[in-house]
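Student: fold the following for me, if possible:
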Amino acid sequence: MLKELGINEEIEKISNEVEEEIKEQFKIIEKIGQKNSLKVISAFQKCNLQEMHLNTSTGYGIDESGRNKIEEIYAKVFRAEDSLVRAQLISGTHALTITLSALLRPNDTIISITGAPYDTLQTVIGNVKNPSSSSLKAYGIKYEQIELIENDFDIKTIQERLKKQDVKLVEIQRSRGYSTRKSLTIEKIEKVIKAIREVNKEVIIMVDNCYGEFVQDKEPIEIGADIAVGSLMKNLGAGIATSGAYIVGRKDLIELCAERLTAPGIGKEIGPSMGQNTALLKGLFFAPQVVESSVKTAIFASRILEKLGYDVEPKYDEIRADIVQTIKLGTEENLVKFCQGIQKGSPIDSNVIPFPSEMGGYEDKVIMAAGTFTEGSTIELSCDGPIREPYIAYMQGGLTYNYGKFGILKAIQEMKATASEE
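Tutor: Residues are numbered from 1 along each chain as shown. Have a look, this model is predicted:
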């Protein structure tokens with residue numbers, strides 16, 4: 001059946017075996033998808049979304065009703081007091097930068113309690129060899145980090161540090177980024193938030209929610225976080241939103257973030273939607289189903305690559321905290337070939353051959369494969385990784401399970417073809 005995609009019978013046979021093995025995991029994911037779908041449709045209805053809210057604005061976009069309705073819906077979905085959802089927020093990193101810049105002042109201290117954050121955020125903080133003169137450190141903001149212990153929070157150390165009452169903001173990164181640690185479940189995050197509040201009531205708890213939305217049936221604000229940030233190029237855009245990011249949480253904190261994005265005294269009142277309202281709403285509407293497909297794709301990838309002898313994380317039957325699947329490929333050549341195979345299995349630019357290159361915000365060369373309808377949309381099947389040992393591929397996305405499966409099989413075929421040539 002898969003011959004027309006260039007996938008041989010041996011790989012197709014393994015694929016069929018794997019699909020039988022993962023049926024029970026799929027049932028669990030489908031139940032989570034149903035709960036999150038109910039959460040979204042309920043928010044649309046309770047917020048009284050109307051056709052008029054699909055209309056757009058240009059110029060200043062003063063008090064634009066459609067944009068305001070989207071932010072009302074996001075707040076409802078996340079159980080938050082308020083939200084900021086804008087196409088002008090270019091990426092997750094941009095939204096995180098806006099948030100940190102809005103909430104921190106010179107001499108304030110930020111502590112990451114999940115170890116080193118994602119590469120681009122380290123650049124924002126200034127925690128790199130040659131920090132930018134625009135980094136947080138350049139403005140006198142202090143940075144500390146507390147490492148995880150066996151993929152969980154070091155609660156004792158966190159509590160001892162926060163007892164001093166001199167930390168302004170605690171940062172929690174839900175997904176693993178380019179590290180080898182496990183991504184963090186909502187249950188673990190809820191436990192550490194409770195531990196923090198036992199010793200410090202005032203510190204702001206911020207969750208980098210990228211890649212984690214709708215993977216479980218609760219979100220960070222529901223379990224006590226003050227503010228959460230994510231990208232619409234990932235889960236909540238569902239491959240439909242063509243730009244944007246969101247910030248949700250306490251109303252006073254959202255207002256500070258809005259004033260950082262626009263201007264003091266103006267905040268959320270302006271910001272044209274420029275034709276994005278339908279895409280943002282439709283993206284959120286489809287997001288639970290698309291995230292479900294993405295998680296199924298990751299489960300399939302985990303099991304089939306494990307059967308082929310690769311070290312994968314998470315295992316196919318583990319609880320998922322995000323849409324990211326890692327595959328330890330062992331060599332630069334395997335990493336490159338796997339990413340090239342993902343590109344060949346894409347609907348767009350399947351003839352393009354990605355190679356490692358320097359990228360702004362990253363310390364190492366990075367290879368990125370993503371033949372996506374929206375540039376950089378990592379809810380669509382994509383794969384990337386830094387060119388450094390142990391040469392881990394970070395795979396995510398899959399708008400539908402079948403398309404995701406086809407892309408993975410193409411990537412496996414590409415690696416096997418190279419190995420047989422040698």
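Student: helix, strand, or coil at Asp252?
Tutor: helix (DSSP: H, G, I helix; E, B strand; the rest coil).
Student: just Val215 next, same as before
Tutor: coil.
Student: show the backbone phi and psi for it.
Tutor: phi -80, psi -30 (degrees, to the nearest 10).
Student: how many neighbours does it have?
Tutor: 28 (other CB atoms under 10 Å). Backbone N, C-alpha and C define where each C-beta goes, glycine included.
Student: leaving out the residues flanking it, which one is nearest to Gly177?
Tutor: Tyr118 (3.7 Å; CB to CB, 6 or more residues apart in numbering).
Student: swap that for Ile353, sorry
Tutor: Closest to Ile353 by CB to CB, 6+ apart is Gln340, at 5.7 Å.
Student: ok so, going back, separation between the residue nearest to Gly177 and Gln50?
Tutor: 38 Å (CB to CB, to the nearest Å).
Student: what about the nearest residue to Ile221 once chain neighbours are set aside, neighbour count?
Tutor: Leaving out its chain neighbours, the residue that sits closest to Ile221 by CB to CB, 6+ apart is Ala80, at 4.5 Å. Neighbourhood size, Ala80 [other CB under 10 Å]: 26.
Student: my guess is Ala80 meets Gly249, correct?
Tutor: Yes. Counting by CB atoms under 8 Å, Gly249 is a contact partner of Ala80 at 5.3 Å.
Student: show me the contacts for the nearest residue to Ala138 once chain neighbours are set aside.
Tutor: Distances taken as CB to CB, 6+ apart place Gly126 nearest to Ala138, at 6.0 Å, with adjacent residues excluded. By CB atoms under 8 Å, 6 or more residues apart in numbering, Gly126 lies in contact with 132, 135-138, 143.
Student: now Gly404: which helix or strand?
Tutor: Using DSSP states H and E, Gly404 falls within helix 401-421.
Student: is it true that Glu213 touches Ala238?
Tutor: No. Taking CB under 8 Å as the definition, Glu213 is not a contact partner of Ala238, at 10.3 Å.
Student: give me the more crowded residue out of these two.
Tutor: Legend: neighbour count by other CB under 10 Å for Glu213 and Ala238, higher for Glu213 (29 against 26).
Student: mind checking how far that one is from Val295?
Tutor: 11 Å.
Student: same thing with Thr97?
Tutor: 28 Å.
Student: repeat that for Asp252.
Tutor: In terms of CB to CB, Asp252 sits 34 Å off from Val295.
Student: which one's more surrounded, those two?
Tutor: Val295 (28 against 10).
Student: what sits against the residue nearest to the more buried one when sequence neighbours are not counted?
Tutor: Nearest residue to Val295, sequence neighbours excluded (CB to CB, 6+ apart): Ile29, at 5.1 Å. Each residue near Ile29 by CB under 8 Å, 6+ apart is listed here: 292, 295-296, 299, 320.
Student: cool, and Phe153?
Tutor: 113-114, 184, 188, 191-192, 195.
Student: could you rerun that using 6 Å?
Tutor: By CB atoms under 6 Å, 6 or more residues apart in numbering, the contact set of Phe153 is Val192.
Student: quick check on it: phi, psi?
Tutor: Per degrees, to the nearest 10, the backbone of Phe153 is at phi -70, psi 140.
Student: in what helix or strand does Ile41 lie?
Tutor: Counting by DSSP H and E, Ile41 is part of helix 23-46.
Student: any stretches of the protein with poor pLDDT?
Tutor: 361, 418-422 (pLDDT under 70).
Student: do I have it right that Lys282 meets Thr242?
Tutor: No. In this structure, Lys282 is not within contact of Thr242 by CB atoms under 6 Å, at 11.0 Å.
Student: which of the two has more residues huddled nearby?
Tutor: Applying other CB under 10 Å to Lys282 and Thr242 shows that Thr242 carries more neighbours, namely 18 against 15.
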